[in-house]
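Student: Curious how this folds, go ahead:
(2 chains)
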Amino acid sequence: SQQGEEDPQALSIQEGENATMNCSYKTSINNLQWYRQNSGRGLVHLILIRSNEREKHSGRLRVTLDTSKKSSSLLITASRAADTASYFCATFYSGGGADGLTFGKGTHLIIQP
Amino acid sequence: SQTIHQWPATLVQPVGSPLSLECTVEGTSNPNLYWYRQAAGRGLQLLFYSVGIGQISSEVPQNLSASRPQDRQFILSSKKLLLSDSGFYLCAWSAPWGREQYFGPGTRLTVT
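Tutor: Residues are numbered from 1 along each chain as shown, chains lettered A, B, ... in the order given. Down below sits the predicted model:
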């Protein structure tokens, strides 16, 4: 079953603006991860936040996690044209019989030059 | 450094034909290996994962199968392809203790 759901499905902003994407999930998790996928390519791991963390930074990326609301957000500051891609959240849970990640459908981000 | 390879990059196969997609990882030992499928405009669906040679877990019942004949080799197969098997197939690996996954470039499969 779908675990992570990203919102919005598509987002178009001007270069230099900040982009915020949200992810909601349904069950308890061990960690939540964000990935980027350029068109027709594999996914690239961006950042992992553990269930006992509330916020994490990596360069221009800022991820928050609210386990009480079962939601996470990814903020990309000072966006660049190269940030155009699809962004997926993925949840990892142990004890569910699977050792893989459960992905949402993604947010397609377009940065207008 | 670790690298992951997939081939072929693209494949067009008729309905009913067999399938073999290969994935290999370099620069690491005893990785966890995964096969995902991504349908157009959708997220990734976990198909199979493996924690060791000969150990395969299936997440979705279907006409696909996976094998791990060597530590760093993961193969996705089918005896008879269906139209619904079309999609973008991604292989990924993770360290046994880690949770980040690292993806290959993918194989675009079109079943006609």
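Student: rest of the way, CA atoms for contacts and neighbours
Tutor: Fine.
Student: which intervals of the chain have sub-threshold pLDDT?
Tutor: Going with chain A. A:1-4, A:94-100 (pLDDT under 70).
Student: um, chain B though
Tutor: B:61, B:97-98.
Student: which residues of it fall in strands?
Tutor: Per DSSP state E, chain B carries strands over the ranges B:3-7, B:10-13, B:19-26, B:32-38, B:44-52, B:55-58, B:64-70, B:73-78, B:87-94, B:102-103, B:107-111.
Student: what's the neighbour count on the nearest residue to residue A:85 once chain neighbours are set aside?
Tutor: Spatial nearest neighbour of residue A:85, chain neighbours left out: residue A:38 (4.8 Å); criterion: CA to CA, 6 or more residues apart in numbering or on different chains. By other CA atoms under 10 Å in any protein chain shown, 15 other residues sit near residue A:38.
Student: pretty sure residue A:38 is touching residue A:81, no?
Tutor: No: counting by CA atoms under 8 Å, residue A:38 does not reach residue A:81; the two are 12.0 Å apart.
Student: Following the chain onward from the one helix or strand residue A:90 maps to, which element is next?
Tutor: Here residue A:90, judged by DSSP states H and E, is contained in strand A:85-92. Sequence order places strand A:102-103 as the next helix or strand after strand A:85-92, per DSSP H and E.
Student: any idea which helix or strand comes after that next one?
Tutor: In N-to-C order, the element after strand A:102-103 by DSSP H and E is strand A:107-112.
Student: Write down the beta-bridge partners of the residue positioned nearest the centre of chain B, one by one.
Tutor: By CA atoms, centre = their mean, chain B has its centre lying nearest to residue B:35, at 3.2 Å. Taking DSSP bridges as the rule, residue B:35 bridges to residue B:48, residue B:91.
Student: Contacts only, for it.
Tutor: By CA atoms under 8 Å, 6 or more residues apart in numbering or on different chains, the contact set of residue B:35 is B:46, B:47, B:48, B:49, B:76, B:89, B:90, B:91, B:92.
Student: List the contacts of the fifth one.
Tutor: With contact taken as CA under 8 Å, 6+ apart, residue B:76 is in contact with B:19, B:20, B:21, B:22, B:35, B:64, B:65, B:66, B:67.
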